[in-house]
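[1] need coordinates for the below:
(chains A and B)
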Amino acid sequence: MAWRRALAAVGFCLLASAAPVSQLEAQPRYSDSGPEPLLSRVFEQIEENHWEAALQQTDALIRSYPNFRLAHLVRGDLLLAHSKPLTAFGEGGVGAARDKVADLRAEAIARLHAYKNRPMEGYLPRYLLQMRDDQKYAIVVDTEKSRLYLYQNDGGTPRFVADYYVTHGKLGADKTREGDQRTPVGIYHVTASLPRQKLSDFYGSGAFPISYPNDWDRRMGRNGHGIWLHGTPSDTFSRPPQASDGCVVLANEDLDALGRNLQIGLTPVIISNSIEWLSLDDWQAERKSLLAMIQEWRQDWESRDVDRYARHYSRKFQSDGLDYRGWMEHKREVNAGKSWIRVGTGDISMFRNPGKEEYVVVTFEQDYRSSNLSNVMKKRQYWIKEDGRWKIVSEGAA
Amino acid sequence: MTLFRHFALCSVAIALAAAGPAFGQSLQDIGKLMKQGQNTQALEQVDQYLAGKPKDAQGRFLKGLILTELNRTNDAVAVFQKLTEDYPELPEPYNNLAVIYAQQKQYEKAKQALEMAIRTHPSYATAHENLGDIYARMASQAYDKALQIDSSNTSAQTKLSMIRDLMSVNARPAQVAAATKPVVVAAAPAPARSVEAKPADTKPAEPPKPAEAKPATAPVKAGGDPAADAAKSIEAWAAAWSHKDAKTYLAHYAADFKTPDGMPRAKWEAERTLRVTKPGEISVSVEELRVSSEGADKATAHFRQRYKSANLKGSGYKTLELVRRDGQWLIVQERMSN
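    You can find the predicted model right below:
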């Protein structure tokens, strides 16, 4: 039956497109919360022609998630198939609301795809190179997969906690302009918590604004504001994969669960088009090489030898209105009057940018002491890889 | 929607069945009263009748119908419910219970009642059709929830048109599966109605065959009339499908036929061929065909399509847009609706 094939196609295209990560012989790791396991089972039953079982599973799904529109649509199909032959997914609803059926189909594909390609044990999003000790959790979003992953800081190593289906911008990711209905890609953090009482029902159980545009965005001329993580209206379980004006939208129960782990001003929110996963070994190697380079940079600064110090800077360097040459001249002048320098780096965090621009944001407490001047500041540096070597392309007070 | 019509069918069946000598005569009269809308009187008389024969299945069934007409739904449910307990082998009380439940939007209960009717008579076509309708209504509710649409307006319209069906249906033969209850089977068709009761249609356990389907509603005249010619073409189309003749079937579609969702023609043809030639018997019949022509070369056809194959059975309304090219009526658009 064509309809069964149409439904199966929703399921099959997922199996066929498994990401490389999931082809490895590792155990899938999944929170097993959320509707995906049951939803996946429903589609399997349909593929196996077990319609009654599929209907029962769908009913169970609806009992757990009464406002889950996708489940109602599948239920409609399963019922309608008793009275007439069907040829397409959501056929009985297409006449009245073609767009909405297309949205729900997209949601089905997104949910099942993420479920069948869930992250494997021993793999990490490449972006979480180093969390600070007091950053208890980090969020990484994959807009293509419509998925948000929550990681816990387990003694420096991110440990997977849960993942959730999310909605992003109507026109996709890579926000550049106000009103472009896109979700930004980059490294942000949660800046506030807005409780339900202060919001309209549209935002559901609450909202967590994030720090778009960040320094890098501003430098690239990107604008816009008001990018939030937020919930869904009370009569809606979830929204289509691309339906917001740029915000990242979660089911209310998911937002509540997530919200309990968020630290205002601290929790990183890294939004990517498509997460790059690294094996724990590769992640460790990348992390160590960068940490070692930061250590070297610190020592070379302490040496007061500007040539040694300059090796760590890109020719493209720009900061405080100074280019590479200006910066080094300035350092030479400053260092000339000093008999010693000591630099301490504490509370280092390192996050790799998920976008097309490849850089790592390194933030730390800098304890600078010298024969004639001392100061403690929070410093932010942007490191890029040039000819296989880590180099600083920008730095300043955070 | 067939629910209400079939409700009426049952009433005719039982009215006919009740045309026995002694009490039967009066049951038939009561049935007439009911049809004339004199339901209060009919109820009084049926109560009198039942006072003498409290267990009588026909009398009780008729009472259930009268109570339904009087909108005394709970009482009607009680009567039909009790009938299913006393005569569990009769499908009609289950069927009518289902119709009432469906009116109350209690589709799950309606479905269960129809499944019971089918369990007693696996070939009971009315129950199968009604069950199809129940599923369609449940599906419609599910779609409403899924898509945040409100189809209640359209179903209200369906209801109104049903009342008209109920009147016209009385002229049609009763197609009830033979009940095992002797009283029911013993029923002789009332003489006055003998023209309507066709033996072929009252045969038990025989689903309607495509050949018997009469596209009667369209004013089909032989030759010259575009609507009539288009109707013939549709019959031939259904026949080709039933014969699993994919080539002939596809030849009924115009080159510019609008494929569903704008699917490429080749893909659509491949899908249809697979479907039309699938293993097992297929029967497709066209009923209640109405063809309206627009000029000599354009026509629109509405009909009820009954489809039966090895693993699927269903019916629904279909609309075909046709054009005449080189004397041939060809399909340019095909839509299925509930």
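
[2] how about the contacts made by A:L262?
    For A:L262, the contact set (C-beta atoms under 8 Å, 6 or more residues apart in numbering or on different chains) comprises A:137, A:139, A:190, A:193, A:208. Just so you know, the C-beta spots here come from the backbone N, C-alpha and C atoms, and that holds for glycine as well.

[3] just B:A238 next, same as before
    Contacts of B:A238 (C-beta under 8 Å, 6+ apart): B:210, B:284-286, B:305.

[4] which strand or helix spans B:E321?
    Taking DSSP states H and E as the definition, one finds B:E321 inside strand B:313-325.

[5] so what does that strand touch, helix or strand wise?
    Applying 3 or more C-beta pairs under 8 Å, 6 or more residues apart in numbering or on different chains; DSSP states H and E, we find strand B:313-325 packed against helix B:125-147, helix B:226-242, strand B:298-309, strand B:328-337.

[6] got those as a markdown table, with distance to A:E276 and mean pLDDT columns?
    Shown next, in a markdown table, are the helices and strands packed on strand B:313-325 (distance: least, C-beta to C-beta, whole Å; pLDDT from 0 to 100):
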| stretch | distance to A:E276 | mean pLDDT |
| --- | --- | --- |
| helix B:125-147 | 35 | 85 |
| helix B:226-242 | 53 | 87 |
| strand B:298-309 | 50 | 85 |
| strand B:328-337 | 47 | 86 |
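
[7] show the contacting residues for the residue in the stretch 251-398 of chain A positioned nearest to chain B.
    Residue nearest to chain B within the stretch 251-398 of chain A: A:A251 (16.2 Å; C-beta to the nearest C-beta). Contacts for A:A251 were tallied using C-beta under 8 Å, 6+ apart; they are A:164-165, A:231-232, A:237-238.

[8] quick one: the strand or helix carrying B:A102 to helix B:125-147, angle?
    For B:A102, the host element (DSSP H and E) is helix B:91-103. On the basis of axes from the mean of the first three to the mean of the last three C-alpha atoms, to 10 degrees, helix B:91-103 is oriented at 20 degrees to helix B:125-147.

[9] ok, which residues in chain B are in contact with chain A?
    Counting by C-beta under 8 Å from any C-beta of the partner chain, the positions of chain B adjacent to chain A are B:131-133, B:135-136, B:138-143, B:145-149, B:151, B:260-261, B:271, B:275, B:307, B:312, B:314-316, B:336-338.

[10] quick one: the helices in the stretch 151-300 of chain A, in order.
    Under the criterion DSSP state H, counting those that start in this stretch, the stretch 151-300 of chain A contains helices at A:215-219, A:252-259, A:280-302.

[11] pick the most buried one from those helices.
    The highest average neighbour count among the helices of the stretch 151-300 of chain A, using mean count of other C-beta atoms under 10 Å in any protein chain shown, belongs to helix A:252-259 at a mean of 20.

[12] mind listing residues that contact that one?
    Helix A:252-259 is contacted by residues A:34, A:139, A:148, A:150, A:162, A:164-165, A:193, A:204-206, A:208, A:229-232, A:234, A:250 when judged by C-beta under 8 Å, 6+ apart.

[13] redo the contacts of A:L262 as a markdown table? Include pLDDT, distance to A:A102 and neighbour count.
    A markdown table is the format used below for those (pLDDT from 0 to 100; distance: C-beta to C-beta, whole Å; neighbours: other C-beta atoms under 10 Å in any protein chain shown):
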| residue | pLDDT | distance to A:A102 | neighbour count |
| --- | --- | --- | --- |
| A:Y137 | 98 | 35 | 21 |
| A:I139 | 98 | 29 | 25 |
| A:V190 | 97 | 33 | 22 |
| A:S193 | 96 | 34 | 14 |
| A:F208 | 98 | 30 | 25 |
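
[14] and of the contacts of A:A251, the nearest to A:Q57?
    A:F237 (16.7 Å; C-beta to C-beta).

[15] give me the phi and psi for that closest one.
    phi -80, psi -50 (degrees, to the nearest 10).

[16] residues contacting it?
    Applying C-beta under 8 Å, 6+ apart to A:F237 gives the contacts A:65-69, A:251.

[17] try B:D47
    Here B:D47 is in contact with B:K63 (criterion: C-beta under 8 Å, 6+ apart).

[18] can you confirm it is in a strand?
    No: B:D47 is assigned helix when assessed by DSSP: H, G, I helix; E, B strand; the rest coil, not a strand.

[19] and it, what's its pLDDT?
    pLDDT, B:D47: 93.

[20] with A:K170 instead?
    On the pLDDT scale, A:K170 is placed at 96.

[21] any idea how far A:T143 is from it?
    From A:K170 across to A:T143, the span is 12 Å (C-beta to C-beta, to the nearest Å).

[22] so which of these two has more stuff around it?
    A:T143 (27 against 15; other C-beta atoms under 10 Å in any protein chain shown).

[23] picking up where we left off before, emit the PyMOL select command for whichever of the contacts of A:F237 are buried.
    To isolate the buried ones among the contacts of A:F237 in PyMOL, judged by 16 or more other C-beta atoms under 10 Å in any protein chain shown, type:
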select buried, chain A and resi 65+67+68+69+251
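
[24] possible to save the contacts of A:F237 as CSV with pLDDT and secondary structure?
    Below are the contacts of A:F237 laid out as CSV (pLDDT from 0 to 100; DSSP: H, G, I helix; E, B strand; the rest coil):
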residue, pLDDT, secondary structure
A:Y65, 94, coil
A:P66, 93, coil
A:N67, 94, coil
A:F68, 96, coil
A:R69, 95, helix
A:A251, 96, coil
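
[25] any weak-confidence spans in the stretch 201-338 of chain B?
    For the stretch 201-338 of chain B, the stretches with pLDDT under 70 are B:201-224, B:311, B:337-338.

[26] same check, this time on chain A
    In the predicted model of chain A, residues A:1-33 satisfy pLDDT under 70.
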